[in-house]
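1. Please find the sequence and the predicted model below.
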Number of protein chains: 2
Amino acid sequence: MSNGILVLSEQELRKFVQLDMKVIEKIELGFSELAAGKATVPPIMMLPVPEKNGEVDIKSAFIKGLPSMAIKIASGFFQNPDIGLPSQSGQMLVVSAETGFLEAVLLDNGFLTQVRTAAAGAIAAKYLAPDGVDTVGVFGCGVQARYQMEALMLVKPYKRLLMYSIDTDERKQAFVKDMQQKLGIEVKSMGSAGAMVAECGIVVTTTPSRKGYFEPEWVHSGLHITSMGSDAEDKQELKGGVFAKADLIACDLRAQSFRLGELRGAKEEGFVTDKTPVKEIGEIIRTGKSARTDKKQVTICDLTGVGVQDTMIALMAYEIAKREKAGIVVPR
Amino acid sequence: MSNGILVLSEQELRKFVQLDMKVIEKIELGFSELAAGKATVPPIMMLPVPEKNGEVDIKSAFIKGLPSMAIKIASGFFQNPDIGLPSQSGQMLVVSAETGFLEAVLLDNGFLTQVRTAAAGAIAAKYLAPDGVDTVGVFGCGVQARYQMEALMLVKPYKRLLMYSIDTDERKQAFVKDMQQKLGIEVKSMGSAGAMVAECGIVVTTTPSRKGYFEPEWVHSGLHITSMGSDAEDKQELKGGVFAKADLIACDLRAQSFRLGELRGAKEEGFVTDKTPVKEIGEIIRTGKSARTDKKQVTICDLTGVGVQDTMIALMAYEIAKREKAGIVVPR
């Protein structure tokens, strides 16, 4: 045990962690360990602050065999933009699994969460989406929409990106410009959501919608959908009927998806039950091959975000930072 | 909102926060707000690490009207002493209730928890114990036993301190010496637990016992017991029959005491039920007077530790540290 606590800034963490295959492999290992029963994932601790339309969420996971675990404190305060601040913020603590002592404070402002969430999207596509898709679509034009499309490019390279959003024209144009630059391909903002899905082999939904907007009739043969927006009891992106059209349903953590994710709404609407076969992504990873057995299958993966992702990315960042002798050491 | 995150060391925090009436009043206000329905206290998040006989617990509370809230990460790893480290460690984060942004990291190594726990003991005695008690007793001879006896002296000054413990002679002698020095009164290590209780008007139990050891037949007219050791489903200090002899039962948080505190064991043993009148300490505080109406009443207060205590003491420490311009500011 070192004598001090390592404090790392967002700037430093951004130098050490990028959205690349190395991160994706780490997160994949985390899901695999979860499916193998080697992770303890307590329910998310939620602290609502209704006066500010805000909430602080705490996630964590202990993975057997790892030297440390992460505890993530993530905030979403939706009046922040009115005063010129981002809605989302967050940081992670690294705690020794040997002694319980605090080892590091990762002041990432939510950066590591953005990366580990996008990595989960890449893993979902890797194990469920069809190969050879030229055109992909994304709902939403925010930071996570950008990360998801970057992550997808790493595992299922595509040639054309469509986006549908109800955000301002300014923000939509910024997305198009940024992603054209980043990916070097055609990027288009679409006026019709249905028309967008019709052209896409893979669609990722990244909105904080509180009402299902993805229509069952948009679903077409071979489509893969990753839905990562819903992480609370009042959120929903896919109308329940979308699940009735799926050949394969997957999620990150069943209990959580039925409580906070798309499976909650789909169950309430009567399209899935506790008995509907839903695979966890870690279970699929452990088979070592794609869960898709036919080009025509419709597949859905619902992602709510699991503490194992935070523990994996935090430990990775911490290990690199130690090696690079980065950060400030505060005496214990 | 400041541009940086304030990181404070244990050494600095010890300069700003002492176990005094100011702290006790703050914690009292926290309990009062809790009873007034102004606090949101999510269930404790628990991360067990059975391989190391360890556990990381996360507590928090949002109190309406306060500018910030605290999130506490506390560890108990009971193989640590084998490698020369303390079992307990911990720290608190201060998060803005306006924006959700992290404001401060209090690297207190559990110091603030020791103080806020002792403060709750003082409050329990203030509102339940009889006046004019000369001799008080404590079970256990650890750090919290010391703090509890210091705190008690502030609200119910006493003349003689007895201690019973199954710890080593060395540790028991150290307790006697330390407390004699600190309090300037007679302090005695007792060979018999029953004989100790017989001499005392107030007894505080501070052990991590996993089996009730406090016998019902030790209870005598006028006795007040504060029991703060049990904070987990497998801990118990008071045998269930002790509750059958109580005229007044109080606790810090009913739901938690029935799950993790003494009321769990007492209920299992059939001495209390969900219908047994149990007052929360905050409810008593709000009446503005002692719950004891007779010198002869037997009173018990079970303390499990509530997030409001952490939020109150963390905010107090943070306010002082800001005023004193202490700590390191890490850029956001």
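-> Cool, the structure landed.

2. which parts of the stretch 101-250 of chain A sit against chain B?
-> Contact residues (Cβ under 8 Å from any Cβ of the partner chain) of the stretch 101-250 of chain A with chain B: A:101-102, A:105, A:107, A:109. C-beta here means a position set from N, CA and C on the backbone, and glycine is covered the same way.

3. what are the ranges of the helices in the stretch 51-200 of chain A?
-> For the stretch 51-200 of chain A, the helices defined by DSSP state H, counting those that start in this stretch cover A:111-128, A:143-155, A:169-183, A:193-199.

4. looking at the ones you listed, which is closest to B:Arg14?
-> With Cβ to Cβ, the closest approach to B:Arg14 among the helices of the stretch 51-200 of chain A belongs to helix A:111-128: 32.0 Å.

5. can you list the domain ranges for chain A.
-> Split into domains by automatic domain parsing, chain A comes to A:4-113+A:308-331, A:129-305.

6. beta partners for A:Met40?
-> To be clear, residue A:40 is Thr; Met isn't right here. Going by DSSP bridges, A:Thr40 is paired in beta bridges with A:Phe62.

7. can you tell me which residues contact it?
-> Going by Cβ atoms under 8 Å, 6 or more residues apart in numbering or on different chains, A:Thr40 touches A:61-62, B:47-48.

8. Of those, keep whichever come out buried.
-> Taking 16 or more other Cβ atoms under 10 Å in any protein chain shown as the criterion, what is buried in the contacts of A:Thr40 is A:61-62, B:47.

9. can you pull the buried residues of stretch A:72-90?
-> A:72-77, A:80, A:85-90.

10. can you check stretch A:152-165 too?
-> Per 16+ other Cβ under 10 Å, stretch A:152-165 contains these buried residues: A:152-156, A:158, A:160-165.

11. got those residues as JSON lines, with pLDDT columns?
-> As requested, the buried residues of stretch A:152-165 are exported to JSON lines (pLDDT from 0 to 100):
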{"residue": "A:Leu152", "pLDDT": "98"}
{"residue": "A:Met153", "pLDDT": "98"}
{"residue": "A:Leu154", "pLDDT": "98"}
{"residue": "A:Val155", "pLDDT": "98"}
{"residue": "A:Lys156", "pLDDT": "98"}
{"residue": "A:Tyr158", "pLDDT": "98"}
{"residue": "A:Arg160", "pLDDT": "98"}
{"residue": "A:Leu161", "pLDDT": "98"}
{"residue": "A:Leu162", "pLDDT": "98"}
{"residue": "A:Met163", "pLDDT": "98"}
{"residue": "A:Tyr164", "pLDDT": "98"}
{"residue": "A:Ser165", "pLDDT": "97"}
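
12. Present those residues as JSON lines; the columns should include distance to A:Asp234.
-> Shown next, in JSON lines, are the buried residues of stretch A:152-165 (distance: Cβ to Cβ, whole Å):
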{"residue": "A:Leu152", "distance to A:Asp234": "27"}
{"residue": "A:Met153", "distance to A:Asp234": "32"}
{"residue": "A:Leu154", "distance to A:Asp234": "32"}
{"residue": "A:Val155", "distance to A:Asp234": "31"}
{"residue": "A:Lys156", "distance to A:Asp234": "31"}
{"residue": "A:Tyr158", "distance to A:Asp234": "32"}
{"residue": "A:Arg160", "distance to A:Asp234": "34"}
{"residue": "A:Leu161", "distance to A:Asp234": "29"}
{"residue": "A:Leu162", "distance to A:Asp234": "28"}
{"residue": "A:Met163", "distance to A:Asp234": "25"}
{"residue": "A:Tyr164", "distance to A:Asp234": "22"}
{"residue": "A:Ser165", "distance to A:Asp234": "20"}
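
13. what's the closest of these to A:Arg116?
-> Of all the buried residues of stretch A:152-165, A:Arg116 sits closest to A:Leu154, with 14.2 Å by Cβ to Cβ.

14. show me the contacts for the closest one.
-> Contacts for A:Leu154 were tallied using Cβ under 8 Å, 6+ apart; they are A:19-21, A:24, A:122.

15. try 6 Å
-> A:Leu154 is in contact with A:Ala122, counting by Cβ atoms under 6 Å, 6 or more residues apart in numbering or on different chains.

16. for the one 10 residues further on, same thing?
-> With contacts taken as Cβ under 6 Å, 6+ apart, A:Tyr164 has the following neighbours: A:139, A:190, A:193, A:196.

17. before we move on, the earlier item: mind putting the domains of chain A in a markdown table, distance to B:Leu29 included?
-> Below are those laid out as a markdown table (distance: least, Cβ to Cβ, whole Å):
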| stretch | distance to B:Leu29 |
| --- | --- |
| domain A:4-113+A:308-331 | 19 |
| domain A:129-305 | 31 |
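
18. Of these, which is nearest B:Gln181?
-> domain A:4-113+A:308-331 (27.6 Å).

19. Now do A:Leu8 against chain B, distance only.
-> Remark: distance between A:Leu8 and chain B (Cβ to the nearest Cβ, to the nearest Å) = 9 Å.

20. sec struct for that residue, please.
-> strand (DSSP: H, G, I helix; E, B strand; the rest coil).

21. That one touches A:Leu106, doesn't it?
-> Yes. Here A:Leu8 reaches A:Leu106: they are 5.2 Å apart, a contact under Cβ atoms under 6 Å.

22. Name the residue in the two with the higher neighbour count.
-> Using other Cβ atoms under 10 Å in any protein chain shown as the criterion, A:Leu8 and A:Leu106 rank with A:Leu106 on top: 29 against 26.

23. Check whether that one really touches A:Ser9, as I assumed.
-> No. Between A:Leu106 and A:Ser9 no contact is recorded; they are 8.9 Å apart, counting by Cβ under 6 Å.

24. what is in contact with the two at once?
-> What both A:Leu106 and A:Ser9 touch, as defined by Cβ under 6 Å, 6+ apart, is an empty set.

25. Show me what counts as buried in stretch A:53-62.
-> For stretch A:53-62, by 16+ other Cβ under 10 Å, it's A:54-62.

26. quick revisit: for the contacts of A:Thr40, which one is nearest B:Ile328?
-> Among these, and counting by Cβ to Cβ, the member closest to B:Ile328 is B:Leu47, at 27.7 Å.

27. where does A:Lys267 fall, helix, sheet strand or coil?
-> A:Lys267 is classified as helix under three-state DSSP.

28. And it, how far from A:Phe258?
-> According to Cβ to Cβ, to the nearest Å, A:Lys267 stands 6 Å off from A:Phe258.

29. neighbour-wise, which of these two wins?
-> More crowded of A:Lys267 and A:Phe258, by other Cβ under 10 Å: A:Phe258, with 20 against 17.

30. Which stretches in the stretch 201-332 of chain A count as strands?
-> All strands of the stretch 201-332 of chain A, identified by DSSP state E, counting those that start in this stretch, fall at A:202-205, A:210-214, A:224-227, A:236-238, A:248-251, A:279-280, A:299-302, A:328-331.

31. As a markdown table, the ones you listed with mean pLDDT would be great.
-> As requested, the strands of the stretch 201-332 of chain A are exported to a markdown table (pLDDT from 0 to 100):
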| stretch | mean pLDDT |
| --- | --- |
| strand A:202-205 | 98 |
| strand A:210-214 | 96 |
| strand A:224-227 | 98 |
| strand A:236-238 | 96 |
| strand A:248-251 | 98 |
| strand A:279-280 | 98 |
| strand A:299-302 | 98 |
| strand A:328-331 | 86 |
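
32. For these, give me CSV that also has mean neighbour count and distance to B:Val298.
-> As requested, the strands of the stretch 201-332 of chain A are exported to CSV (neighbours: other Cβ atoms under 10 Å in any protein chain shown; distance: least, Cβ to Cβ, whole Å):
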stretch, mean neighbour count, distance to B:Val298
strand A:202-205, 26, 61
strand A:210-214, 17, 53
strand A:224-227, 28, 59
strand A:236-238, 26, 54
strand A:248-251, 23, 54
strand A:279-280, 18, 53
strand A:299-302, 29, 55
strand A:328-331, 14, 47
